[in-house]
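K.L.:
got a sequence here, can you build the structure:
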Amino acid sequence: PPDETGFEPFDWRGNAECVAHKGMEWVRFGGLAVLTTHMTFEYADGGVQRGAQQLQLARLAARLLDEGAEQLLLVGDLN
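P.N.:
The predicted model follows:
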C-alpha cells in the first residue's frame, strides 16, 4: 500500500474547462512519488491558465521532493 496519497485541484480563472475537476493526483511509495495530472488544453486566454497550472504543478513537485521523496515520476495529460 502507498505511504501517502493526495489530490490537489487546479485553481481556475473562469475558462471553458472550469466545470471539469482537473488537478493533480499523487502517491508516495517510500522515496518514490508518482504524480499524475490532466492539464487544460484551453488557449483562449493566451496561455495564462496553462502557465498557472504549470507553476502549480512545479510547486507540488517541489513540495513532494522537500517532504522526503527522492524520486518523482510525472505522468498524465500535460497538453
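K.L.:
neighbouring contacts of the helix or strand bottoming out on mean pLDDT in the chain?
P.N.:
Every helix and strand in the chain was compared by mean pLDDT, DSSP states H and E; the lowest is helix 48-66, with a mean of 93. For helix 48-66, contacts defined as C-beta atoms under 8 Å, 6 or more residues apart in numbering pick out 8, 10-13, 15, 24, 26, 28, 33, 35, 37, 39-40, 42-43, 72, 74, 79. All C-beta atoms are positioned from the backbone trio N, CA, C, and that covers glycine.
K.L.:
for the next helix or strand after that helix, which strands pair with it and how are they oriented?
P.N.:
Note on helix 48-66: by DSSP states H and E, the next helix or strand toward the C-terminus is strand 71-77. Each strand that pairs with strand 71-77, with its direction, by DSSP bridges: strand 32-38 (parallel).
K.L.:
just the angle between the partner strand and helix 48-66, please?
P.N.:
Regarding strand 32-38 and helix 48-66, their directions subtend 170 degrees when assessed with axes from the mean of the first three to the mean of the last three C-alpha atoms, to 10 degrees.
K.L.:
buried sites along strand 32-38?
P.N.:
33-35, 37-38 (16 or more other C-beta atoms under 10 Å).
K.L.:
could those go into CSV alongside pLDDT and distance to Glu4?
P.N.:
Listed next are those as CSV, based on pLDDT from 0 to 100; distance: C-beta to C-beta, whole Å:
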residue, pLDDT, distance to Glu4
Ala33, 98, 9
Val34, 98, 11
Leu35, 97, 12
Thr37, 93, 17
His38, 87, 21
